[in-house]
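Novice: Here's a sequence, model it:
(2 chains)
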Amino acid sequence: MRRAVLFVGLLALGWAAWDTGADPVRLARGLPFILDFLWRTIPPDLRVLPSALAGALTTVEIALLGTAVAAVLALPLGFVTARNVAPAPFFYPARTVLNFFRSVDTLVYALVFVAAVGLGPFPGVLAVVAYTTTSLAKLYGEAIEGIEPGPVDAITATGATRLQILRFGVLPQVLPLFLSYILYRLETNIRAATVLGFVGAGGIGFYLQTYLRMIDYPAASTVLLVTVAMVMLVDGVSSRLRDRLV
Amino acid sequence: MIEVRGLRVVLPPDTVAVDGVGLLVNAGEFVVILGRSGAGKTTFLRALNRLVEPTAGTIRVAGRAVTGAGRGELREARRRIAVIFQQFNLVRRASVQENVLAGRLGYVRALPSVLGRFPPDDRALALECLAQVGLAHLAERRADTLSGGEQQRVAIARALAQSPDVILADEPTASLDPQLTSSIMDILRRINVERRLTLVVSQHQLETALAYATRIVGFRRGRVGFDGPPSALSPAVIAAIYGDGDAT
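Specialist: As a prediction, this is how the structure comes out:
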């Protein structure tokens, strides 16, 4: 049985390599071009630094606003998708719908929203909201399913209403987890938002794509460096905050 | 005070935890339910306020129907039936004071309470209950920073804050060091004597049961095997409650 799985797995990988034309020789032949590309990016053209920074700020704004709105929208959805608190008639349809929407990536949502509301950072925000809401709802739901039943029993036994039970028995147990998930999502959303500009949904990605198209590699490298610095900065702040939560 | 008739509880998938129990408890009694683990003590207590749903039978507590009660009626019945759990079941991340205040949830208006707003009278009562278990000085501390014995006393304060007619305690000392057993049981006895509150406490320790109970109910395989004063508990009866034999 285990051998059969291994065999099928190797077969699949072999097929995938053949089908995608994976070829070490081709990669080796391409290496000089990569080196040439890197060579041509130095020195970075610092004249574009102001626009790169402005783009980075927009990207951070898209991720921040999108994550914040999604964090709130996901709350009721999280409770509805938790097996131990949601009534069964809600639970199954909610899970199915969420799984459906979660299989669409932020970038695809961005394409849809650019078509719907036009170019700029706003469709980017909407795309982040759309994806993050469903993904946070799933994480929330799993956190709620992992709570200790004891305190919930205790609050129930006081004669509390369903809402009070959620607020006093469930929420205190899951709140630190929720905050940690929100920060984690913020980190991934910063990354996702860097490419939103490629499809016209605002932020630093717009500059990167523009300079690459203009074959202005020194300018593109400035934008890239700013992107890396921005992502590292947000990651650092966010992970420090998360450490404090647990 | 408590009227249980023909209570049967089947836990999914098909465990008969309580198998036809009838029990009348008068106001002011200190009933200890004795029995081995798995005898149905916990399930019986949890059924009394429908934390587990009875399969058959009727329950009335303090003149209110528990079985057959609608949602609102059940909440009204529950707030007069305080419960103390083996694992304390405090909300760990909340303060001691907030945990005790939770005992008032059945009385206060739901919406303000959810926003963290409680009437001053309820706050005062919560602090008073905390003082009664000797922990007023720990009101601001986070619940999970307290020792086990202290946490159980907070849980007793929470129970008192419910202004209950009845307190149910499920093995309240089983998770504590043996030397703390008497301190917790003493508090429960004081409540029983001073407030004339009816207590139903499950215990697996015979000595503790004998020392505190005004009445002992022996559980065996989901049924009542003995019901009487501690003085009537003969070695033969004890053997029947704790024994491995199939005789019932």
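Novice: From now on I want contacts and neighbour counts done on CA atoms only, so please keep to that.
Specialist: OK.
Novice: Nearest residue to B:Ser37 in space, please, no chain neighbours.
Specialist: B:His204 (7.2 Å; Cα to Cα, 6 or more residues apart in numbering or on different chains).
Novice: Confirm for me that that neighbour is in contact with B:Ala39.
Specialist: No. With contact defined as Cα atoms under 8 Å, B:His204 does not reach B:Ala39; the gap is 10.0 Å.
Novice: just to revisit the earlier point, backbone torsions only: list them for the residue nearest to B:Ser37.
Specialist: phi -100, psi -10 (degrees, to the nearest 10).
Novice: Just the CA atoms of stretch B:71-85, as PDB, please.
Specialist: Only the C-alpha atoms of stretch B:71-85 are listed here, as PDB (Å, rounded to 0.1, in the frame of the first residue of the first chain):
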ATOM      1  CA  ARG B  71     -35.700  28.600  26.600                       C
ATOM      2  CA  GLY B  72     -36.600  31.500  28.700                       C
ATOM      3  CA  GLU B  73     -38.100  29.400  31.500                       C
ATOM      4  CA  LEU B  74     -35.000  27.200  31.500                       C
ATOM      5  CA  ARG B  75     -32.800  30.200  32.000                       C
ATOM      6  CA  GLU B  76     -35.000  31.400  34.900                       C
ATOM      7  CA  ALA B  77     -34.700  27.900  36.500                       C
ATOM      8  CA  ARG B  78     -31.000  27.800  35.900                       C
ATOM      9  CA  ARG B  79     -30.200  31.100  37.500                       C
ATOM     10  CA  ARG B  80     -31.500  29.700  40.800                       C
ATOM     11  CA  ILE B  81     -29.400  26.500  40.500                       C
ATOM     12  CA  ALA B  82     -25.800  27.300  40.900                       C
ATOM     13  CA  VAL B  83     -23.200  24.800  39.900                       C
ATOM     14  CA  ILE B  84     -19.700  24.200  41.100                       C
ATOM     15  CA  PHE B  85     -17.500  22.100  38.900                       C
END
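Novice: and it, does that touch chain A?
Specialist: Yes. For stretch B:71-85, a contact with chain A is found by Cα under 8 Å from any Cα of the partner chain, at B:74-83, B:85.
Novice: what about A:Arg40, which SS state?
Specialist: helix (DSSP: H, G, I helix; E, B strand; the rest coil).
Novice: residues near the spatially closest residue to it that is not a sequence neighbour, how many?
Specialist: In space, A:Arg40 comes closest to A:Tyr217 once its chain neighbours are excluded; the distance is 6.3 Å by Cα to Cα, 6+ apart. Neighbour count for A:Tyr217, taken as other Cα atoms under 10 Å in any protein chain shown: 22.
Novice: Could you find the closest non-adjacent residue to residue 209?
Specialist: All of this refers to chain A. Spatial nearest neighbour of A:Gln209, excluding adjacent residues (Cα to Cα, 6+ apart): A:Phe198 at 6.0 Å.
Novice: could you do chain B instead?
Specialist: B:Val32 (6.0 Å).
Novice: now A:Leu57
Specialist: Leaving out its chain neighbours, the residue that sits closest to A:Leu57 by Cα to Cα, 6+ apart is A:Gly203, at 7.5 Å.
Novice: low pLDDT regions in the chain?
Specialist: I'll assume chain A. Counting by pLDDT under 70, the ranges of chain A that qualify are A:246.
Novice: try again with chain B
Specialist: B:244-248.
Novice: in it, which spans are helices?
Specialist: For chain B, the helices defined by DSSP state H occupy B:41-48, B:71-79, B:96-101, B:110-114, B:120-132, B:148-161, B:178-194, B:206-212, B:235-242.
Novice: A:Phe168 is nearest to which of those helices?
Specialist: Closest to A:Phe168 of these, according to Cα to Cα: helix B:110-114, at 7.8 Å.
Novice: From the rest of the structure, what touches that closest one?
Specialist: Residues from elsewhere that reach helix B:110-114 (Cα atoms under 8 Å, 6 or more residues apart in numbering or on different chains): A:161, A:163-164, A:167-168, B:105, B:118.
Novice: now the residues you listed: which count as buried?
Specialist: Among the contacts of helix B:110-114, those classed as buried by neighbour count (16 or more other Cα atoms under 10 Å in any protein chain shown) are A:161, A:164, A:167-168, B:105, B:118.
Novice: how about the residues you listed in JSON lines, adding distance to A:Pro93?
Specialist: Converted to JSON lines, the buried ones among the contacts of helix B:110-114 look like this (distance: Cα to Cα, whole Å):
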{"residue": "A:Thr161", "distance to A:Pro93": "25"}
{"residue": "A:Gln164", "distance to A:Pro93": "25"}
{"residue": "A:Arg167", "distance to A:Pro93": "24"}
{"residue": "A:Phe168", "distance to A:Pro93": "27"}
{"residue": "B:Leu105", "distance to A:Pro93": "32"}
{"residue": "B:Phe118", "distance to A:Pro93": "37"}
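Novice: Quickly list what the most centrally placed residue in chain B is bridged to.
Specialist: Central residue of chain B (Cα atoms, centre = their mean): B:Leu168, 1.8 Å from the mean position. On the basis of DSSP bridges, B:Leu168 is bridged to B:Val83, B:Val200.
Novice: mind checking how far it is from chain A?
Specialist: 10 Å (Cα to the nearest Cα, to the nearest Å).
Novice: How about the residues of chain A by chain B?
Specialist: A:150-151, A:153-161, A:163-164, A:167-169, A:172-173.
Novice: and if we set it to 7 Å?
Specialist: A:150-151, A:154-155, A:157-160, A:164, A:167, A:169, A:172 (Cα under 7 Å from any Cα of the partner chain).
Novice: got CSV for the residues you listed, with secondary structure too?
Specialist: Output for the residues of chain A next to chain B, formatted as CSV (three-state DSSP):
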residue, secondary structure
A:Gly150, helix
A:Pro151, helix
A:Ala154, helix
A:Ile155, helix
A:Ala157, helix
A:Thr158, coil
A:Gly159, coil
A:Ala160, coil
A:Gln164, helix
A:Arg167, helix
A:Gly169, helix
A:Pro172, helix
